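S.K.: Mind looking at a prediction? Sequence and model below.
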Amino acid sequence: QVQLVESGGGLVQAGGSLRLSCAPSGSIFSIFSINAMAWYRQAPGKQRELVAAITRGGSINYADSVKGRFTISRDNRNTAYLQMNSLKPEDTAVYYCNAGTDIKTPGRYWGQGTQVTVSS
């Protein structure tokens, strides 16, 4: 089993930046079996959507709405990061870390979520 612990959410003004982190813990075998790390978000009244995902080999997938503003990365311990620049009020949501096998569909492991609020 793998647990995902997120950090870095908060309140920021439009145009500002935040950096989210997601650190996996648990079975070493399970952690090293993770291929894709991803960030999803869910705004009130909306469905959860993919924001960005990255594989162990460096393949990346971004939602069109965040291209050019957000950057996903990961280190050799499978900790994932989401650098969010030029934030907009419509980026306000709960952001969830996810771990799985590919960059287009969610995997079986989810974090608890971290709130990002962008004020206008």
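M.R.: Happy to help now that I have it.
S.K.: what residue lies at the spatial centre of the protein?
M.R.: Residue closest to the average C-alpha location in the chain (CA atoms, centre = their mean): Trp39, at 2.3 Å.
S.K.: Was I right to think that residue contacts Ala93?
M.R.: No - distance between Trp39 and Ala93: 10.3 Å, which falls outside the contact criterion (CB atoms under 8 Å). All C-beta atoms are positioned from the backbone trio N, CA, C, and that covers glycine.
S.K.: before we move on, the earlier item: which residues are in contact with the residue nearest to the centre of the chain?
M.R.: 20, 22, 50-53, 72, 80, 82, 95-98 (CB atoms under 8 Å, 6 or more residues apart in numbering).
S.K.: repeat that for 7 Å
M.R.: Residues in contact with Trp39, defined by CB atoms under 7 Å, 6 or more residues apart in numbering, are Leu20, Val51, Ala52, Ile72, Leu82, Tyr95, Cys97.
S.K.: Extract the residue ranges of this structure that are flagged as low pLDDT.
M.R.: Counting by pLDDT under 70, the chain shows no low-confidence range.
S.K.: in it, which spans are helices?
M.R.: In the chain, the helices defined using DSSP state H lie at 28-32.
S.K.: Grab the nearest non-local neighbour of Val5.
M.R.: Taking CB to CB, 6 or more residues apart in numbering, and ignoring the residues beside it in sequence, Val5 has Ala23 as its nearest neighbour in space, at 5.1 Å.
S.K.: what pairs with the spatially closest residue to Tyr62 that is not a sequence neighbour across the strands?
M.R.: In this structure, Tyr62 finds its nearest non-sequential neighbour in Ala52, 5.0 Å apart by CB to CB, 6+ apart. When bridges are assigned using DSSP bridges, the partners listed for Ala52 are Trp39, Tyr62.
S.K.: again, but for Gln83
M.R.: Listed by DSSP bridges, the beta-bridge partners for Gln83 are Arg19, Thr71.
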